[in-house]
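*Asks:* Got a sequence here, can you build the structure:
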Amino acid sequence: MIGLIGRKVGMTQIYGDGGQALPVTVIEAGPCTVTEVRTPERNGYAAVQLGFGTNKETRFTKPVLGQFKTRNLPPARHLREFRVADVAGLEVGQSLTVSLFEKGKSVDVQGTTKGRGFAGVVKRHGFAAGHASHGPTAGKQPGSIGASAYPSRVTKGKRLPGRMGGAQLTVKNLKLVGVDAEQNVLLVLGAVPGPVNGLVLVETRKD
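*Replies:* Below is the predicted model:
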């Protein structure tokens, strides 16, 4: 299994073979440069580190910038590591594109969900609010949260107000309905986590 680093461009719709409208997410994936190859003999596992995007050299610290210069590679803004079964055919400096993917296959997409800040139980967990008329004053309160005498504490895992979003999320088994090698674009059926221009990781999946 191998993947690419990409950027969520946004959502649109296309028409399928039967004329049905399909909601798709447009992802600009790659090209990604191989910046490091991990081998079982040297590192204990097989993986490949990819770089995506560019930035000014002044935006990097000297130790990070030196790692790229020793490999004669342009500094990459984003670095991510992907576990692979075999590193054969992968070498530092190699460029990987959307040609790794095939239309009709399934992929896993990982991103960071939109941060919603501190949210109550109605917004965060879908609780029903109290009646707005005829006397009740509960409003959007969560209600009773635990016993008094025993165990005299709130049970772990209780659904309560708190920070919502801004967490890593992987959506699995999404179908690829389009691959544009010229524009480095993937069309994924359905929604993927994250805002527009958010960083996403797209991995191939064994069907």
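
*Asks:* can you give me the strands in this structure?
*Replies:* 3-15, 21-29, 32-38, 47-52, 78-83, 95-96, 106-112, 117-119, 162-164, 168-180, 185-189, 199-204 (DSSP state E).

*Asks:* Looking at those, spot the one closest to Pro151.
*Replies:* strand 162-164 (21.2 Å; Cβ to Cβ). Bear in mind the C-beta positions are built from the backbone N, C-alpha and C, glycine included.

*Asks:* which secondary structure elements does the closest one contact?
*Replies:* When contacts are defined as 3 or more Cβ pairs under 8 Å, 6 or more residues apart in numbering; DSSP states H and E, strand 162-164 packs onto strand 117-119, helix 121-125.

*Asks:* rewinding a little: rebuild the strands of the chain as a markdown table, extending it with mean neighbour count and distance to His125.
*Replies:* Output for those, formatted as a markdown table (neighbours: other Cβ atoms under 10 Å; distance: least, Cβ to Cβ, whole Å):
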| stretch | mean neighbour count | distance to His125 |
| --- | --- | --- |
| strand 3-15 | 18 | 25 |
| strand 21-29 | 19 | 26 |
| strand 32-38 | 20 | 37 |
| strand 47-52 | 21 | 35 |
| strand 78-83 | 16 | 31 |
| strand 95-96 | 16 | 40 |
| strand 106-112 | 20 | 20 |
| strand 117-119 | 11 | 9 |
| strand 162-164 | 13 | 9 |
| strand 168-180 | 15 | 16 |
| strand 185-189 | 21 | 28 |
| strand 199-204 | 21 | 26 |
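
*Asks:* domains of this protein?
*Replies:* 1-29+101-128+160-207, 32-96 (automatic domain parsing).

*Asks:* Now render the strands of the chain as a markdown table, adding mean pLDDT and distance to Ser133.
*Replies:* Converted to a markdown table, the strands of the chain look like this (pLDDT from 0 to 100; distance: least, Cβ to Cβ, whole Å):
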| stretch | mean pLDDT | distance to Ser133 |
| --- | --- | --- |
| strand 3-15 | 95 | 39 |
| strand 21-29 | 96 | 38 |
| strand 32-38 | 93 | 57 |
| strand 47-52 | 94 | 54 |
| strand 78-83 | 94 | 52 |
| strand 95-96 | 92 | 60 |
| strand 106-112 | 95 | 40 |
| strand 117-119 | 96 | 25 |
| strand 162-164 | 96 | 28 |
| strand 168-180 | 95 | 38 |
| strand 185-189 | 96 | 44 |
| strand 199-204 | 95 | 45 |
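
*Asks:* Gln67: which of those strands is closest?
*Replies:* Comparing the strands of the chain by Cβ to Cβ, strand 32-38 comes nearest, at 7.9 Å.

*Asks:* by contact count, what packs against the closest one?
*Replies:* By 3+ Cβ pairs under 8 Å, 6+ apart, strand 32-38 packs against strand 47-52, strand 78-83, strand 95-96.

*Asks:* could I get those as JSON lines with distance to Val24?
*Replies:* Below are those laid out as JSON lines (distance: least, Cβ to Cβ, whole Å):
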{"stretch": "strand 47-52", "distance to Val24": "21"}
{"stretch": "strand 78-83", "distance to Val24": "23"}
{"stretch": "strand 95-96", "distance to Val24": "22"}
